[in-house]
Every structure is written in structure tokens, then in C-alpha cells.
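> output the structure for:
(one chain, ligands or ions: 1)
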Amino acid sequence: MKRYQMLIGGNWVDSVSGQTRELRDPANGEIVATVPEASREDARAAIDAARAAFDRGPWRKTTALERGKLLFKLAEALTKEADALARLEVQSCGKPLAEAQFDVADAANCFEFYGGLATKIAGETMNVPANSLSFVVREPLGVCGQIIPWNYPLLMAAWKLGPALAAGNTCVLKPSELTPLTALELGRILTEVGFPPGVVNIITGPGAGAGEELAESPRVDKVAFTGGTVTGRKILHASASNLKKVTLELGGKNPNIVFADADFEAAVDGALFGAFANQGEVCSAGSRLLVERSIHDRLVAGMVEKIPRVKVGHGLDPATKMGPLVSAAHREKVESYIRIGVEEGARLVCGGKRPADPALAGGHFLEPTIFVDVKPSMRIAREEIFGPVLAVLPFDTEEEAIALANDTEYGLAAAVWTKNLTRAHRVIRELRAGITWVNTYHPTFNEMPWGGYKQSGTGRELGLYGIEAYLETKQVNINLDEAPLGWY
Ligand code: NDP
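Purely as a prediction, here's the structure:
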């Protein structure tokens, strides 16, 4: 069992209180590591370090080229350690190894993308109605508090750090108390490739205390958060202390719409992958499957037939397609939704319980679960469950599909399956969601903006939009006429 420390000001430290937390493999309960349990005091020390590195350190004065090169080195070093990082990610949050390997590669690609973008940050010159040379320069925001969840620990760290560092900010990253290990390994690698002390600080501790301090502190210029909508709202309130910039990536109850003319087998695969990838612990999960009534029963039967292929097991078992849920408490929450679904009158066509295999008894496993006869008003059709629970609803017309899809307080992701090109465009145009797909589900690209409409968040991460969220905009006006103004 490894004993980890936190990264503050370039030093590896314990928490001020000396308290630690044991982290267990969600697949079997074995202790994987201990980490310091940070409190507000530790968060303040990390903010001090980030503040010093931004206000007085060399980082802000590095050239964009130097920052870009460091990010390229980071991507390369991460790739060299990809195998160990992927295995650690599996033991931290339970996901299947193939998914963790994808996450590590994607995290490296994210750093590489922003390494390239560092040298493309540019202002502009405007032709103003005065004798003035007027131009816009872009500058880093300052100290960024970055709070990330447990479902994609390394990837979320990359999405936050990549653009922030490319733009010249300094950061305090707080991973979820449940899954901080790959972020700490990333901190080690960052230090090894030459990021100066204090530029990235990583504290491990709960949202209550350590996280709150980052959101509230007037010495933090921006807070970037990924997690639940309830927490997002608290962070927005807390950020009012100094009106810090805020980016929120929150939950979803995402519609996956299948029309009768879709490629049937592709739609079956897409529905299963949309719902059960990463155990359904995905903000963009296709957790509401809307199916044209004429193929509803056949599509459900097609999914149920394939469910045995969604093999549940330890993520390090190469046969596994779905790992355990992240914690006992989270599994109980998901199970409570399954009970609610049954009580509300929805019908289970598969899953709904823990797997019978005694080899899985020590982990937080749950079978992939599908409900039919779901009404739009039911809680399982409205609330984010964040687990392997799919609600299937029929529709009769394109208009009804659109109305059902948009009948949610969320607006993160949505997909349409059809061979009719004009219908695909028509429906996508009507969907109130920030991420949309046609005839596929889940692919994400570092080049493309990620974020939601409505209560799925505010702002965008990734792509060019992602770096915008870490830049200030300054106008400079140089008077080219030195004569007195003559106003008085
Ligand atoms: P949270 O929103 O509670 O946690 C996300 C991050 O925020 C964690 O690092 C957490 O710390 C931190 N945090 C919690 N409360 C505060 C606070 N008041 N101030 C600052 N930081 C805080 O998500 P949970 O992990 O509890 O999951 C709850 C639900 O959120 C899930 O069931 C799911 O519906 C949704 N969710 C959505 C995600 C998404 O990607 N959109 C990701 C994860 C969850 P810590 O956990 O260490 O206490």
C-alpha cells in the first residue's frame, strides 16, 4: 500500500491536521493507498503557493513557446507511464481497463492539444474612430481553483490543467476525495518534466472544507468545477465572494433518440454503450432512450439479448465491460432509484440487482439495468441517476421525440439515430443540448467544446472555447496625438 502526499508549492506534504484517508479498490474493498485529508488550512496553503507563483514567480513571464513545450513534454511523459496510470485508475474508480487506457491516451492528447494552442493565443487590433492605436491583448486570469469528480479522475485533471497552464495561469486542483491517485501521479510527472514550484498544487480532501475554500477564497480568480448540479449551485453562490470567473460542467439526463429507419444493430450497440459505458457514471450518459414506437419492442429485445455481453467484473479482468460503482454509498443511491422506478410502475426488463457471482460480493457491483413502460413524469426519467440504469420511452412522431428530449432541466448531450439526413439536421437543430451526435454516442474530441445548456452548466471546456475560459481580455489604447485634450 502506497502512502501519498499532496503537492503544495513544489513540495510533497502531509495535511496540516495529519489526518489521512484510506482508499479502497471499489471492486474488492482492498486498500490501495492512503492520502492526506486536506482541510481549509491546506487549501489556503495551496492558494498561497499558487498566488506566489503567479504574482511573483517566473511562470507568468514564461513565453508561450516555453509553456507549450512543457505541455508537450508532459504529454510524452504521461504516455510513457500510460499502462501503470491506467491500472491505477481502474483500482481507483472501477472502470474497465480498456476505458482507463483510453482516458490516459486522451489526457495526453489534451495536454498536447493545449501545448500547441499555447503559441496561438492572440489579441487583435481594431480600427477605432480616434487617432489611437487600439489593440486587445489576452492575459492569464491568475489563480484557478479546479474541482473535479470521481468518474474520470485523470481526464478531468487534464481538461482543467491543460488550457489553464497553456494560458499562463497557476492552479490548485482538488480531485474527488474518492479518486485522487492518478491526479497525484500527474503532479509528480508535472514536477519531473519541469513545471516550476507552485504552478500546479494538488490537494486531496473533501468538498466540505478544502473544496469550499477554493470556491469562496477571494484570492482565487477563477473556479472551474465538474460534478453534480447541486454542488455546482453552491459553488456559484460561493464564488460571489469576489465575483470570480466560474465554469460549471454539471449533470445531464440525456436523450438518445432512435427513429425506426435507423441502422438497427448500430442503434442497439449505441443505446447500450450510451447507457453503460463507465458504469453509466457519465454526465453525458444516454440515460433516456427515446424509441419510435414501431421498433420499440424489437429494440428493447435486441438490447436485452446483448446484455450478457456487458460483462460485469473487476476492471483489470480483460473480459470486463462494466466495473463496480465507485462507492458503497453511490451504489445505494443508484439502487434507491431502481426501487423508485419499480414503485412508480416502470417495468424492469433486465438487471435491477447486484450480480449473483460470489466472486463479486466484495465490490460495489450492480447489473446493467433497463426499465420500460417509463412515463416522462417518473423520477427515473427526470433525475440524474449516474449509474447503469436506462429508462426507455416510446414516441410516435418527430415532434413528440423533440418535445420529450427537451423536457428536462438539463441540456448536456443528446443523440439521434436515423438514416434520414434532413431529419437528423432538423432534430439536432431543435435539441437544447451542448453536445450532440448523429448515429453515434459518446465520442469526445479535445478539439471540440464540451458543456451544457440549461442547468447542465455554464461555459465550455476543451477546444478553442476551453482556453478562452482561462484568459482575460485587456484593451490598450495609445494616443497618437500628444496635444493636450483641451476639454477644460
Ligand atoms: P459532487 O458534485 O459532490 O463532487 C464533485 C467535486 O466537488 C468533488 O471533488 C467534491 O469533493 C467537490 N465538492 C463537493 N461539495 C463541494 C462544495 N460545497 N464546494 C466545493 N467543492 C465541493 O459529486 P458527487 O461525487 O457527490 O456526486 C453527486 C452526484 O453528482 C452524482 O451522483 C452525479 O449525479 C453527479 N456528478 C456529475 C458529474 C459530472 O461529470 N457531471 C461527475 C460526478 C458526479 P469530494 O467528493 O471530495 O467531497
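
> helix/strand/coil for residue 179?
With DSSP: H, G, I helix; E, B strand; the rest coil as the basis, residue 179 sits in coil.

> how about it, what does it touch?
23, 92, 93, 150, 153, 326 (CB atoms under 8 Å, 6 or more residues apart in numbering). (C-beta placed from N, C-alpha, C; glycine too.)

> residue contacts, the fourth one?
Contacts for residue 150 (CB under 8 Å, 6+ apart) come out as 93, 175, 176, 178, 179, 281, 326.

> quick one: mean pLDDT over the helix ranked longest in the chain.
Criterion DSSP state H: the longest helix present in the chain is helix 97-118. Helix 97-118 shows a mean pLDDT of 98.

> over to stretch 37-52?
The average of the pLDDT scores along stretch 37-52 is 98.

> list the buried residues of that stretch.
Buried residues in stretch 37-52, defined by neighbour count with 16 or more other CB atoms under 10 Å: 37-40, 42-51.

> tell me if stretch 78-96 is near the ligand.
No - for a cut-off given as CB under 6 Å from any ligand atom, stretch 78-96 has no contacts with the ligand; the smallest distance is 10.5 Å.

> contacts for that stretch?
Residues outside stretch 78-96 that contact it (CB under 8 Å, 6+ apart) are 23, 25-27, 32, 97, 100-101, 103-105, 107-108, 111, 150-151, 153-154, 178-179, 181-182, 185-186, 189, 278-279, 281, 314-316, 320-326, 363-364.

> tell me the spacing between the nearest residue to residue 178 once chain neighbours are set aside and residue 193.
Setting aside the residues directly before and after it, residue 178 is nearest to residue 150 in space (CB to CB, 6 or more residues apart in numbering), at 4.4 Å. With the distance defined as CB to CB, to the nearest Å, residue 150 ends up 26 Å from residue 193.

> extract the residue ranges of this protein that are flagged as low pLDDT.
Counting by pLDDT under 70, not a single residue of the chain qualifies.

> what residues does it put near the ligand?
Contacts of the chain with the ligand, taken as CB under 6 Å from any ligand atom, map to 147-151, 174, 176-177, 206-207, 211-212, 215, 226-228, 231, 234-235, 249-251, 283, 384, 386.

> you'd agree residue 414 is in a strand?
Yes - assessed with three-state DSSP, residue 414 lies in a strand.

> and it, what are its bridge partners?
Note on residue 414: beta-bridge partners by DSSP bridges are residue 436.

> right, and it touches residue 284 too?
No - if you go by CB atoms under 8 Å, residue 414 and residue 284 don't touch, sitting 9.2 Å apart.

> joint contacts of these two?
Jointly contacting residue 414 and residue 284 under the rule CB under 8 Å, 6+ apart are 254, 435.

> which one of the two is surrounded by more residues?
Using other CB atoms under 10 Å, the more surrounded residue of residue 414 and residue 284 is residue 414, with 31 against 26.

> show me what contacts the more buried one?
So residue 414 contacts 254, 255, 256, 257, 405, 428, 431, 433, 435, 436, 437 (CB under 8 Å, 6+ apart).

> just name the closest of the contacts of residue 150 to residue 305, please.
residue 281 (24.5 Å; CB to CB).

> how about the nearest residue to the residue of the stretch 301-450 of the chain at minimum distance from the ligand, chain neighbours excluded?
Here the stretch 301-450 of the chain gets closest to the ligand at one residue, residue 386, 3.7 Å apart by CB to the nearest ligand atom. Spatially, and ignoring its direct neighbours in sequence, residue 386 is nearest to residue 281 (5.5 Å; CB to CB, 6+ apart).
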